[in-house]
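Asker: any chance you could fold what I've pasted below:
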Amino acid sequence: MAKIVKAIGWGTKDPSGHLSPLEFTRRSTGDLDVQFKVLYSGVCHSDLHQIKNDWGFSQYPMIPGHEIVGVVTETGNWTLTMEFSPMGPSLTAVIPILWWQRRISSSAGRIISRWIGASRWFVQAAGITTYSPLRYYGLDKPGLHVGVAGLGGLGHVAVKFLKAFGAKVTVIDIAPEKKMTLGADQFLLPHELESAKGTLDGILDAVAAFHSIQAYLDLLKPHGKLVMVSLPERPLELPMFALATQRKMIGGSMIGGIKETQEMIDFAAKHNILPDVEIISMDYINTAMERLARGDVKYRFVIDVGKTLKADE
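Answerer: Numbering: from 1, shown residues only. Just a heads-up that it's a prediction; the model follows:
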């Protein structure tokens, strides 16, 4: 008889998004599965969209979260990325390919053994979500002038990658207190965009809320690229005239594959790229979601699940 694994997490039962302890079960470990003990979980803006049903396809009850780190306790026969050593299971970052998938098969990447600490682990989801499109759209070349719109969980990691690539970086944000942080070369507030028209080779747009992209397209040089990595709750307007007259491009991206994720982890370790995180307890999560909704986090919440999630909650 298959073994059923009992587990507990914090979830929501409706679009109110209020999170509380929920018990659930998991099947026994299959050939393509990994079983692990969660130690930390990052809080992404997509989690907020999901618990509130902003995109219209949330299913309840729901336990959000897709950026997790844990200790591997069991692997399936076909799960080749996991390694056990005589010292015990490896420390592993596990990143579900899509957060609506039912299983986590073959979705794990090894963390370099010397590269340990909560802040280091959480380069993973924000890291691959920004690293992959910067590489794919050719914005990783030294000497390019690249903008980052929205200095949040995604944007602040993008700035660090771009600096490591050798790019000139301009941050575009509404918060003046973030000015000239993280090593950016230039900072633009909304009323300053006019003076920078036609100066950027590309922009990574990480603004989670609905917004106009007209001003960002105006910042691009001819043939410039606007790459969307955020998922606002409603469709954006597409200003075709701004695209057609100078052959500007709009693209999008969402995370990446396991091979590229491991490449990103190795690159981040080599260049000592660390996300800025605020460690919180599990019972702080509702306050954290409220703060995330108003942009009051610098720049990523990380839940200390291992120490603060109680089995008897």
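
Asker: how about the nearest residue to residue 209 once chain neighbours are set aside, what does it touch?
Answerer: Of all residues not flanking residue 209 in the chain, residue 232 sits nearest, at 6.1 Å (CB to CB, 6 or more residues apart in numbering). To be clear about C-beta, it is placed using only N, CA and C from the backbone, and glycine gets the same treatment. Contacts of residue 232 were listed using CB atoms under 8 Å, 6 or more residues apart in numbering, and they are 207-211.

Asker: filter the residues you listed down to the buried ones.
Answerer: 207-208, 211 (16 or more other CB atoms under 10 Å).

Asker: re earlier: pull up the gap between the residue nearest to residue 209 and residue 181, please.
Answerer: To residue 181, residue 232 is 24 Å away according to CB to CB, to the nearest Å.

Asker: got it, and residue 38?
Answerer: 31 Å.

Asker: which residues in the stretch 201-313 of the chain form helices?
Answerer: 214-219, 240-244, 258-270, 285-293, 305-308 (DSSP state H, counting those that start in this stretch).

Asker: and the longest one, what does it pack against?
Answerer: This points to helix 258-270. With contacts defined as 3 or more CB pairs under 8 Å, 6 or more residues apart in numbering; DSSP states H and E, helix 258-270 has these neighbours: strand 108-110, helix 124-136, helix 155-165.

Asker: show me what counts as buried in it.
Answerer: 260-265, 267-269.

Asker: residue 142: which of these is nearest?
Answerer: Nearest to residue 142, judged by CB to CB, of these is residue 267 at 14.4 Å.

Asker: surely the closest one and residue 260 touch.
Answerer: No - Residue 267 is not in contact with residue 260 according to CB atoms under 8 Å; the separation is 10.1 Å.

Asker: which residues do these two both contact?
Answerer: residue 131.

Asker: can you count the residues close to residue 41?
Answerer: Residues lying near residue 41 (other CB atoms under 10 Å) number 26.

Asker: list the beta-bridge partners for it.
Answerer: Per DSSP bridges, the residues bridged to residue 41 are residue 68, residue 303.

Asker: isn't it right up against residue 65?
Answerer: Yes - contact status for residue 41 versus residue 65: in contact at 4.8 Å, counting by CB under 8 Å.

Asker: for the helix or strand containing residue 47, what is the distance to the chain centroid?
Answerer: Residue 47 belongs to helix 45-51 when assigned by DSSP states H and E. Centroid displacement of helix 45-51 relative to its chain, using CA atoms, centre = their mean, to the nearest Å, is 12 Å.

Asker: which strands or helices does that helix pack on?
Answerer: Partner elements for helix 45-51 (3+ CB pairs under 8 Å, 6+ apart): helix 285-293.

Asker: output the contacting helices and strands for the helix it packs on.
Answerer: Counting contacts by 3+ CB pairs under 8 Å, 6+ apart, helix 285-293 packs against strand 34-43, helix 45-51, strand 300-304.

Asker: from residue 37, how far out is the closest residue to residue 77 other than its chain neighbours?
Answerer: Nearest residue to residue 77, sequence neighbours excluded (CB to CB, 6+ apart): residue 31, at 4.7 Å. Using CB to CB, we find residue 31 at a distance of 21 Å from residue 37.

Asker: can you check residue 211 too?
Answerer: Taking CB to CB as the measure, residue 211 falls 40 Å from residue 37.

Asker: about what we covered before: closest to residue 297 among the buried residues of helix 258-270?
Answerer: Using CB to CB, the buried residues of helix 258-270 come closest to residue 297 at residue 268, 20.4 Å.

Asker: isn't the closest one up against residue 126?
Answerer: No - assessed by CB under 8 Å, residue 268 is found out of contact with residue 126, at 10.5 Å.

Asker: of the helices of the stretch 201-313 of the chain, which approaches residue 57 most closely?
Answerer: Nearest to residue 57 among the helices of the stretch 201-313 of the chain is helix 285-293 (19.3 Å), distances taken as CB to CB.

Asker: buried ones in that closest one?
Answerer: 285, 288-289, 291-292.

Asker: also stretch 181-193?
Answerer: For stretch 181-193, the neighbour count (16+ other CB under 10 Å) marks 181-182, 184, 186-188 as buried.

Asker: biggest separation within the residues you listed, which pair?
Answerer: Pairwise distances across these (CB to CB) peak at 14.6 Å, for the pair 182 and 188.

Asker: centroid-nearest residue for this structure?
Answerer: What sits nearest the mean C-alpha location of the chain, by CA atoms, centre = their mean, is residue 126, with 2.7 Å.

Asker: got the end-to-end distance for stretch 49-64?
Answerer: 10 Å (CA to CA, to the nearest Å).

Asker: and residue 37, what does it touch?
Answerer: So residue 37 contacts 70-71, 73, 306 (CB under 8 Å, 6+ apart).

Asker: for residue 73, see how far away it is.
Answerer: In terms of CB to CB, residue 37 sits 6 Å off from residue 73.

Asker: rewinding a little: and residue 225, which of the helices and strands packed on helix 285-293 is closest to it?
Answerer: Nearest to residue 225, of all those, is helix 45-51, at 22.6 Å by CB to CB.
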